[in-house]
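predicted model, plus sequence, below.
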Amino acid sequence: MSQMEPVKVLVVDDSAHNRRLLTELLESSPDVKVVGTAADGNEGLRQVMALHPDVVTLDLEMPRLGGYSFLRLLKSTAPTPVIVISSYAHKTDVFKALELGAFDFIAKPVRPTPDAVEKLRRELQEKVQAVRLVRSSDPRPVRRPKTMPMEPAFVAGIGASTGGPPAVQRLLEALAPEPSMCLLVCQHMPKQFTRAFAERLDKLGPFSVREAQEGDVVAPGHVFIAPGGRQLVVYRQTGQYVLGTPPPTMQDKHAPSVDRLFMSLAEAFGSKAVGVVLTGMGSDGAVGARAIQKAGGEVWAESEETAVIYGMPQEAVATGAVSRVLPLGDIGPSLVELARRRR
């Protein structure tokens, strides 16, 4: 796909109103062209084969052939980036779709107010344009039983955005040999979805995964997911490391923010601070990476070869603060090795 050509989009949704609205919002940019629409998965697959779109927007609940079956068949016949359009009422469906290969998701506004529709337009434009940079990923889920580790926690901060949910899942699965770790995860995601994301990861084992709450104590075998719309920070208090979830300030570009998490890790852990930047758009994490490096800690980044979007990792690497650039499949084993060296 040439950089000068508009992104070609196929809209798949059983609602005629939604198809019209999405088409209007997408084509408000001269860089996007809706090449077709479909009312169900069967029609959508035929349109993909005939029109060869660069990206598909997908409603999961459709008659005849639903969204999950569409994703499975699309992956095996004509792999194409898919952005799921989901309601807040179906949060868990989103993560199943991401596991089946969807590129990203957008939440439908609860009420179609002018502000909500404008927010939807901006998000659609941003994520559709991101397919110019997309790379395939394979979460390869593996389920293992939970254990109850008793060893001291090794703490690491993980930052991710677009393409992040499957990458975070795969990372947790790779860390199973060392379940005494504690991970603090900042995944860019709307506030209505982060708890469902944590609950889904909690089923994988061996870690106990939950959405972080104010006052949570850092403990071995735990993974804390930053709550959407708030920040996740860690600080030392009476001999323990405690989590805070403050609201964003006017200066924060993201909530949750990888920068805010990494800066707090640098302050709390100093030379023992560890931050890992995974796939994502933008530059969140770059400022925090410099803070960790200045404190004497370590920052790693996912390599271009596996990152779905090599935006955040690239920006972190550009600061000169990143000490290791690794494919996603190597990050988990390398963290296990580092944790065991630090015992």
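Right, received. Where do you want to start? Model, not experiment: these values are computed from the prediction.

return the helix or strand in the chain with minimum mean pLDDT.
Across the helices and strands of the chain, mean confidence by mean pLDDT, DSSP states H and E is lowest for helix 91-99: a mean of 84.

mind listing what the helix or strand following it pairs with, with the direction of each?
Downstream of helix 91-99, the next assigned helix or strand under DSSP states H and E is strand 104-107. Here strand 104-107 has these sheet partners by DSSP bridges: strand 82-86 (parallel).

give me the neighbour count for P220.
By other Cβ atoms under 10 Å, the residues close to P220 number 19. Where you see a C-beta, it was placed from the backbone N, CA and C, and this is true even at glycine.

cool, and the one 3 residues further on?
Neighbour count for V223, taken as other Cβ under 10 Å: 23.

elements contacting whatever helix or strand it lives in?
For V223, the host element (DSSP H and E) is strand 222-225. For strand 222-225, the packing partners by 3 or more Cβ pairs under 8 Å, 6 or more residues apart in numbering; DSSP states H and E come out as strand 182-187, helix 191-202, strand 208-211.

tell me which of these is the most buried.
The highest mean neighbour count among the helices and strands packed on strand 222-225, using mean count of other Cβ atoms under 10 Å, belongs to strand 182-187: a mean of 26.

what does the spatially most distant residue from the centre of the chain show for phi and psi?
Each residue of the chain has a distance to the centre, and by Cα atoms, centre = their mean the biggest one is for T238: 33.3 Å. Phi and psi for T238, reported as degrees, to the nearest 10, are phi 50, psi 50.

what's the answer for the one 10 residues further on, then?
Geometry field for P248 lists phi and psi as phi -70, psi 150, criterion degrees, to the nearest 10.

and it, what pLDDT?
Here the pLDDT value assigned to P248 is 92.

isn't it up against S257?
Yes - the pair P248 / S257 is scored as a contact, 7.3 Å apart, by Cβ atoms under 8 Å.

which residues are in contact with both of those two?
Common contacts of P248 and S257 (Cβ atoms under 8 Å, 6 or more residues apart in numbering): Q231.

between the two, which one's more packed in?
Counted by other Cβ under 10 Å, P248 and S257 do not tie: S257 has more neighbours, with 26 against 15.

my read: the more buried one touches S283, true?
No - between S257 and S283 there is no contact under Cβ under 8 Å: 11.2 Å.

what's the domain layout of this protein?
7-133, 155-341 (automatic domain parsing).

helix or strand next in line after the longest helix seen in the chain, which one?
Of all the segments of type helix in the chain, defined by DSSP state H, the longest one is helix 114-129. Counting by DSSP H and E, the next helix or strand C-terminal to helix 114-129 is strand 155-160.

from one end of stretch 31-45 to the other, what's the distance?
Length of stretch 31-45, first residue to last, Cα to Cα, to the nearest Å: 24 Å.
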